[in-house]
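Novice: The amino acid sequence is not available; the structure is as follows:
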Ligand SMILES: NC(=O)c1ccc[n+]([C@@H]2O[C@H](COP(=O)([O-])OP(=O)(O)OC[C@H]3O[C@@H](n4cnc5c(N)ncnc54)[C@H](OP(=O)(O)O)[C@@H]3O)[C@@H](O)[C@H]2O)c1
């Protein structure tokens, strides 16, 4: 496996995945709307590799708004052409905007739904077209621990989108199970807990469960490299909390959140 496409690579988990996969020797296809950030990241990774005397990975960066669906298909195909193959595609672009339902902020919830769910659907379709053509590939979906349960207030729509993308991925895995294509096309769903990034800057002070971007992404990259089906990351404490969040009565869930 040599090349990885990461969406939402301009900050947070996506940018750090790019750094860590580059360390492992992968070529990178990076996209997001803020292309200045992608350029800075490519230069940083190039400098880092020069400093260590390793050959720098190939890095191709492109502008992509995942809510512009035609562009998702075009940009993914351009990456596949330019890098020869795409061995792994990480659907990571996401938005944490949201508001309590029925409070006049439909626009924020709609933007989150269009980015995190419909945008991810377009990315999954584009990725699977490429993997069907190649007859192989690894699809990675970045869901969230919030997908374990319906979440209150500003998290409601966000959590629903993250449950939705996890089901898209699981549906695909079920379809592929026991088929010839299922031997060469793998699907992983990651459920991150709190990992420091731009999205949760405001949460940082409030929870002792927040880990650094570097540490959280190490756990993500390790799970991706193992091609596991599902992983709560970092495993401690999230793998233990996942069944509790999924099955505990509402009164308990409400106290946990
Ligand atoms: N950090 C956590 O604790 C945590 C926990 C669970 C799940 N997640 C998930 O992890 C993923 C990465 O989030 P993060 O925490 O790293 O947040 P972040 O720092 O805000 O990064 C979000 C990334 O998504 C991109 N993005 C947003 N809207 C986009 C659009 N319309 N088109 C293309 N790219 C778009 C952003 O790039 P541009 O703005 O440049 O386009 C940015 O690169 C998200 O799916 C998030 O839901 C994060």
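Specialist: It's in. As the structure is a computational prediction, the values presented were derived from the model and not from experiment. Numbers count the residues shown, from 1 in each chain.

Novice: Now do the spatially closest residue to residue 76 that is not a sequence neighbour against the ligand, distance only.
Specialist: Among residues not flanking residue 76 along the chain, residue 126 sits closest, at 4.1 Å (C-beta to C-beta, 6 or more residues apart in numbering). Backbone N, C-alpha and C define where each C-beta goes, glycine included. Residue 126 sits 13 Å away from the ligand when distances are taken as C-beta to the nearest ligand atom, to the nearest Å.

Novice: go on, residue 26?
Specialist: 18 Å.

Novice: Tell me if I'm right that that residue and residue 17 touch.
Specialist: No. Counting by C-beta atoms under 8 Å, residue 26 stays clear of residue 17, with 9.9 Å between them.

Novice: Tell me which of those two has more neighbours.
Specialist: residue 17 (26 against 21; other C-beta atoms under 10 Å).

Novice: Roughly how far does that one sit from residue 88?
Specialist: 10 Å (C-beta to C-beta, to the nearest Å).

Novice: do residue 221 as well
Specialist: From residue 221 to residue 88 the distance is 11 Å (C-beta to C-beta).

Novice: So between these two, which is more surrounded?
Specialist: The residue with more neighbours, out of residue 221 and residue 88, is residue 88; 24 against 20, by other C-beta under 10 Å.

Novice: give the contact list for that one.
Specialist: 1, 3-5, 26, 137-140, 224 (C-beta atoms under 8 Å, 6 or more residues apart in numbering).

Novice: Phi first, then psi, for it.
Specialist: phi -140, psi 140 (degrees, to the nearest 10).

Novice: when you give positions from now on, start the count at 5
Specialist: That works, and once the first residue is 5, the last one we named lands at residue 92.

Novice: is it in a bridge, and if so with what?
Specialist: residue 8, residue 142 (DSSP bridges).

Novice: report the longest strand in this structure, please.
Specialist: strand 189-196 (DSSP state E).

Novice: Show me which residues of the helix or strand following it are buried.
Specialist: Sequence order places helix 217-229 as the next helix or strand after strand 189-196, per DSSP states H and E. Buried residues in helix 217-229, counted by 16 or more other C-beta atoms under 10 Å: 217, 220-225, 227-228.

Novice: could you flag which of the contacts of residue 92 are buried?
Specialist: Neighbour counting with 16+ other C-beta under 10 Å marks 7-9, 30, 141-144, 228 as buried within the contacts of residue 92.

Novice: Helices of the stretch 55-204 of the chain, start to end?
Specialist: Secondary structure of the stretch 55-204 of the chain (DSSP state H, counting those that start in this stretch): helices located at 73-87, 110-117, 123-138, 160-180.

Novice: Of all the ones you listed, which one comes closest to residue 212?
Specialist: helix 160-180 (21.3 Å; C-beta to C-beta).

Novice: anything in the helix or strand residue 17 falls within sitting right up against the ligand?
Specialist: Using DSSP H and E, residue 17 maps to helix 16-27. Yes. Counting by C-beta under 6 Å from any ligand atom, the ligand has neighbours in helix 16-27: 16-18.
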